[in-house]
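S.K.: Quick one, what's the 3D model for this:
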Amino acid sequence: MPLRLALFEPDIPQNTGTLIRLGACMGVPVDIIEPCGFSFSDKSLKRAGMDYLERATIHRHDSWATFLETRGSARIILLSTKAAEPYTGFSFASDDTLLLGRESAGVPDEVHTRADARVLIPMAEGARSLNVALAGAMVLGEALRQVA
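M.R.: Sure, this is the predicted structure:
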């Protein structure tokens, strides 16, 4: 399996469209773990994804459980503000899946616990979090640099 992006129950269509566009441009498949907080016919999703939605490799999963059934032995690497390890010090593998949580709530404990590793983006004191699409792009860039 190639390096992948996975979005856990995304809330905001613009971020999802941006991450799908990122996947299309970087040749990285994108897994969408439903339910989503919007319809896939949402015009905001289409505007953010532009014509890249047709170029992207998108796999939609009905639930966390159905997503897990497709993973095999590949690692799930969760991007989390609760992690201790900076993404820049982590050793990525070419078949890792980078998992991004919901914009409004991250991921539930069950998902956090199931991840094979958790990484964070170090930020300035007092900053809570980055936009999920920006965070995904930063960590994907580092993972691709390492495995290329």
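S.K.: Where does the prediction get shaky in the chain?
M.R.: The model of the chain has pLDDT under 70 over residues 1, 42, 48-49.
S.K.: hey, where'd the strands end up in it?
M.R.: 4-8, 30-33, 58-61, 76-79, 85-86, 97-100, 117-120 (DSSP state E).
S.K.: With mean neighbour count as added columns, please give these in CSV.
M.R.: Glycine gets a C-beta too; all of them are placed from N, C-alpha and C. Below are those laid out as CSV (neighbours: other C-beta atoms under 10 Å):
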stretch, mean neighbour count
strand 4-8, 23
strand 30-33, 22
strand 58-61, 15
strand 76-79, 24
strand 85-86, 12
strand 97-100, 25
strand 117-120, 20
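S.K.: these two touch, right, residue 14 and residue 43?
M.R.: No. Using C-beta atoms under 8 Å, residue 14 is not in contact with residue 43, being 10.3 Å away.
S.K.: The two: which is more packed in?
M.R.: residue 14 (17 against 9; other C-beta atoms under 10 Å).
S.K.: quick one: contacts for that one?
M.R.: Counting by C-beta atoms under 8 Å, 6 or more residues apart in numbering, residue 14 touches 44, 45, 47, 48, 133.
S.K.: all helices for this protein, in order.
M.R.: 13-26, 43-49, 52-55, 64-69, 109-114, 132-147 (DSSP state H).
S.K.: most neighbours per residue, which of these?
M.R.: By mean neighbour count, with neighbours taken as mean count of other C-beta atoms under 10 Å, helix 13-26 ranks first of these at a mean of 21.
S.K.: Now residue 85: closest residue in space, sequence neighbours ignored.
M.R.: residue 119 (5.4 Å; C-beta to C-beta, 6 or more residues apart in numbering).
S.K.: no no, residue 22
M.R.: Nearest one to residue 22, counting by C-beta to C-beta, 6+ apart, is residue 137 at 5.6 Å.
S.K.: Quick check: the one you found touching residue 25?
M.R.: No. Using C-beta under 8 Å, residue 137 is not in contact with residue 25; the gap is 10.0 Å.
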